[in-house]
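Trainee: Pasting the sequence and the predicted coordinates here, then a few questions.
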Amino acid sequence: MIDKICIIGVGLIGGSFAAGLKRVNQVKTIIGFSRQESHLKKAQEMDIIDAYSLDIAQALKQVQMVIIATPVNSFQAILELIKPHIDESVIISDVGSTKGSVIKIAKLVFSQMPARFIPAHPIAGKEKSGIEAVDAQLFNHKRVILTPEENADAQAVDILSSLWRSLGAKVEIMSDTKHDNLLAMTSHLPHMLVYGLMDYLISNNPNACRYAAGGFKDFSRIASSDALMWRDICINNSKEIVKHIEGYQQTLEKISNLIKNNQVQALEKLFQEAKSARDNWLDS
Ligand SMILES: NC(=O)C1=CN([C@@H]2O[C@H](COP(=O)(O)OP(=O)(O)OC[C@H]3O[C@@H](n4cnc5c(N)ncnc54)[C@H](O)[C@@H]3O)[C@@H](O)[C@H]2O)C=CC1
Ligand SMILES: O=C(O)C(=O)Cc1ccc(O)cc1
């Protein structure tokens, strides 16, 4: 059991992590730190955190672990803020949606990657943000990717993995480059597609959505996600996101040509393969 953890940014993900840890009784004391006292007060009232402080020195006093759960562009400022108040024994981790940029920033702030900084990314979330959307079961049966560097402390990896597993998560270790490439396809690209779709619709006919069915509602759900968070993800994984947008444009071009040339068999084959791939994924 861990004595004391500090969570920086007690919103959807930081709050759900804290609420989950409380549920499974894995940490004695959870301290919250954030910019807005109202969010922290609410988190304490909801019994998600035990205490909070707006003073970073106070929030980090005697902690064994710090989890950064703010939008990824804020990481440099946060690492600079916490650096004077933690020693090498403290495990640092995060929940950011991009990993290469987090490692780059950590190396910049600390001169080298601290051995007990273990980057992490839970592949679970919602289009809603903030403390009101917290769900203690959010990570149950979901994957969490850790991207430790070569010098990572094995004990720190074990402790962090055990914490995520105690929430029901399936922990997987991979390189930050593999993570950023994969997540650009499975998470970042779908968000770009749907932002593009909404933009396309609004500019063609602002009333078009009135005539949309359930499929549009399912597909467009993630356009309701937090705009600042997604701005930050794009800035921090730009190369991979652009690469996959361009790859996808070629696929759209291929489909467009099949339709134009009335290639009905090829179209049906493509749709059938897409259906099988999705159905198999759902069953796995
Ligand atoms: N929303 C999602 O579905 C998922 C998000 N993530 C990642 O988790 C992180 C947090 O996202 P959410 O929990 O959705 O956001 P959120 O908006 O629900 O919570 C973020 C919290 O951080 C605080 N904050 C923002 N900037 C700060 C700063 N400079 N200093 C201190 N506190 C600050 C905010 O006041 C808020 O309480 C992001 O890096 C995101 O990429 C990862 C997986 C899923
Ligand atoms: O709302 C959804 O379905 C999401 O896709 C949530 C999400 C957002 C960002 C991540 O890094 C991981 C998961």
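Mentor: Looks like it arrived, so ask away. Numbering: from 1, shown residues only. Ligands and ions are numbered 1, 2, ... in the order given.
Trainee: Can you name the residues of the stretch 51-200 of the chain sitting close to ligand 1?
Mentor: For the stretch 51-200 of the chain, the residues in contact with ligand 1 (Cβ under 6 Å from any ligand atom) are 69-72, 74, 77-78, 95-97, 122, 125-126, 129-130. Glycine gets a C-beta too; all of them are placed from N, C-alpha and C.
Trainee: Just the buried ones from the residues you listed?
Mentor: Listed as buried from these are 69-72, 74, 78, 95-97, 122, 125-126, 129; burial here means 16 or more other Cβ atoms under 10 Å.
Trainee: Skipping its backbone neighbours, what lies nearest the residue nearest the centre of the chain in space?
Mentor: Centroid-nearest residue in the chain, with Cα atoms, centre = their mean: Ser97, separated by 3.6 Å. Spatial nearest neighbour of Ser97, chain neighbours left out: Ile233 (4.9 Å); criterion: Cβ to Cβ, 6 or more residues apart in numbering.
Trainee: Tell me if the one you found really is in a strand.
Mentor: No - judged by DSSP: H, G, I helix; E, B strand; the rest coil, Ile233 forms no part of a strand; its state is helix.
Trainee: Which pair of the buried ones among the residues of the stretch 51-200 of the chain next to ligand 1 spans the longest distance?
Mentor: Taking Cβ to Cβ as the measure, these span a maximum distance of 22.7 Å, between Ile78 and Lys126.
Trainee: thinking again about what came up before, could you restrict the residues of the stretch 51-200 of the chain next to ligand 1 to the ones contacting ligand 2?
Mentor: Applying Cβ under 6 Å from any ligand atom to these, one finds that 97, 125-126 fall near ligand 2.
Trainee: And these, which is closest to ligand 1?
Mentor: Nearest to ligand 1 among these is Gly125, at 1.8 Å by Cβ to the nearest ligand atom.
Trainee: So what does the nearest residue to Leu201 once chain neighbours are set aside look like in phi/psi?
Mentor: With sequence-adjacent residues excluded and distances taken as Cβ to Cβ, 6+ apart, Leu201 is closest to Ala208, at 4.8 Å. Ala208 adopts backbone torsions of phi -60, psi -40, taken as degrees, to the nearest 10.
Trainee: quick one: Ala208 from Ser175, how far?
Mentor: 42 Å (Cβ to Cβ, to the nearest Å).
Trainee: between the two, who's got more neighbours?
Mentor: Shown here are Ala208 and Ser175; by other Cβ atoms under 10 Å, Ser175 has more neighbours (15 against 12).
Trainee: Could you pull up phi and psi at that one?
Mentor: For Ser175, the backbone dihedrals are phi -80, psi 160 (criterion: degrees, to the nearest 10).
Trainee: Thought Ile145 was touching it, still the case?
Mentor: No - using Cβ atoms under 8 Å, Ser175 is not in contact with Ile145; the gap is 10.0 Å.
Trainee: all helices for the stretch 51-200 of the chain, in order.
Mentor: In the stretch 51-200 of the chain, the segments counted as helices under DSSP state H, counting those that start in this stretch are 56-59, 75-82, 100-110, 154-166, 176-183, 189-204.
Trainee: which ones are touching the closest residue to Lys99 other than its chain neighbours?
Mentor: Residue nearest to Lys99 in three dimensions, not counting chain neighbours: Asp176, with 3.9 Å by Cβ to Cβ, 6+ apart. Contact analysis of Asp176 by Cβ atoms under 8 Å, 6 or more residues apart in numbering lists 99-100, 102-103, 119, 147.
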